[in-house]
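[1] Based on what follows, work out the 3D shape:
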Amino acid sequence: MSQDSIVHDDEGAVPPTLPSDPSRRFWIGTSCAMGGAVGVAAAVPFVSTFAPSERARAAGAPVEVDISTIAPGEMRTIEWRGKPVWLIHRTKEQLASLKDDTAELADPNSNRPGYTPPYAKNEWRSRKPEMFVCVGICTHLGCSPTPKFQTGPQPSLPNNWEGGFLCPCHGSTFDMAGRVFKNKPAPDNLEVPPYQYLSDTRIIVGVDEDNKA
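    As a prediction, this is how the structure comes out:
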């Protein structure tokens, strides 16, 4: 029960035929003031509990990632601004495949605006060849593609498949640099988010030359 409720109940107990007691009124006012001060003091540590959680920070703020534990051929998914972001440590074989499939790609040089920052407009679409960072959302209707790193014939994939991603919703395929193949529903390559290296083993997603924290 709040302090205000207690005061209200006390005042309601005074018979209406009796004159009000000035000293009583003074102590009630003083008690209210003290109660308010205590409430403010108590609110200080309580407000600190509203600090954003790790998940909230990941959803709207830059996210730091230790990439030292991502082995070649493995992928890690983080959340940034409510979107899945993939960090893929590509093998030498996966990197070599990026030179072989350019004739089959809709935008091999990532010239279409909006999805590739300048530092990723290369054959790897990344700052460093081995580590690929992209938003795991198909540019068609927003489904999340499925990693298909195994090479060779597979359901819904060509016989000469060299690894990449398959969108399960409408069949769009992307290579190991997130570049979309020709004649697919997806109009663009997978998005490369803003990111930077903090060290050889740490990346921050959400910050780059044009996007400050």
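[2] Please tell me how far the residue nearest the centre of the chain sits from Val207.
    Most central in the chain under Cα atoms, centre = their mean is Trp80, positioned 1.0 Å from the mean C-alpha point. Applying Cβ to Cβ, to the nearest Å, the value for Trp80 to Val207 is 11 Å. For every residue, glycine as well, the C-beta is placed using N, CA and C.
[3] Could you name every residue contacting both of those two?
    Both Trp80 and Val207 are in contact with Pro62, where contact means Cβ atoms under 8 Å, 6 or more residues apart in numbering.
[4] count of neighbours near the closest residue to Ser144 other than its chain neighbours?
    Using Cβ to Cβ, 6 or more residues apart in numbering and skipping residues adjacent in sequence, the residue nearest Ser144 is Gly136, 5.3 Å away. Applying other Cβ atoms under 10 Å, we find 21 residues neighbouring Gly136.
[5] So Gly136 sits against Val85, correct?
    Yes: counting by Cβ atoms under 8 Å, Gly136 does reach Val85; the two are 6.7 Å apart.
[6] Mutual contacts of the two, please.
    Joint contacts of Gly136 and Val85 (Cβ under 8 Å, 6+ apart) are Thr77.
[7] Phe165 belongs to a strand, doesn't it?
    Yes: with DSSP: H, G, I helix; E, B strand; the rest coil as the criterion, Phe165 is part of a strand.
[8] In contact with it, which residues?
    145-148, 173-174, 178, 190.
[9] what about the closest residue in space to it that isn't next to it in sequence, distance to Phe174?
    Nearest non-adjacent residue to Phe165, counting by Cβ to Cβ, 6+ apart: Pro145, 3.9 Å away. Per Cβ to Cβ, Pro145 is found 6 Å from Phe174.
[10] between the two, what contacts are shared?
    165-167, 190.
[11] List just the nearest of the residues you listed to Pro62.
    Leu190 (19.9 Å; Cβ to Cβ).
[12] Near the closest one, how many other residues are there?
    Neighbours around Leu190, by other Cβ under 10 Å: 27.
[13] And Leu98, by the same measure?
    24.
[14] what's the domain layout of this protein?
    Residue ranges for the domains of the chain, per automatic domain parsing: 3-49, 54-205.
[15] For the residue nearest to Ser144, which residues are in contact?
    Neighbours of Gly136 in contact, by Cβ under 8 Å, 6+ apart: 77, 83-86, 144-145, 190.
[16] Most neighbours among those, which one?
    Neighbour counts for these peak at Leu190, which has 27 neighbours (criterion: other Cβ under 10 Å).
[17] out of the contacts of Gly136, which are inside strands?
    The strands, defined by DSSP state E, take in 77, 83-86 from the contacts of Gly136.
[18] what ranges do the helices span in this structure?
    Taking DSSP state H to define them, one finds helices in the chain at 3-12, 22-47, 54-60, 92-97.
[19] mean pLDDT lowest for which of these?
    With a mean of 36, helix 3-12 has the lowest mean pLDDT of the helices of the chain.
[20] Confirm for me that Leu98 is in contact with Met176.
    Yes: in this structure Leu98 lies within contact range of Met176 using Cβ under 8 Å: 6.2 Å.
[21] what's the nearest residue to Asp188 if we skip its chain neighbours?
    Counting by Cβ to Cβ, 6+ apart, the residue nearest Asp188 is Thr139, at 4.2 Å.
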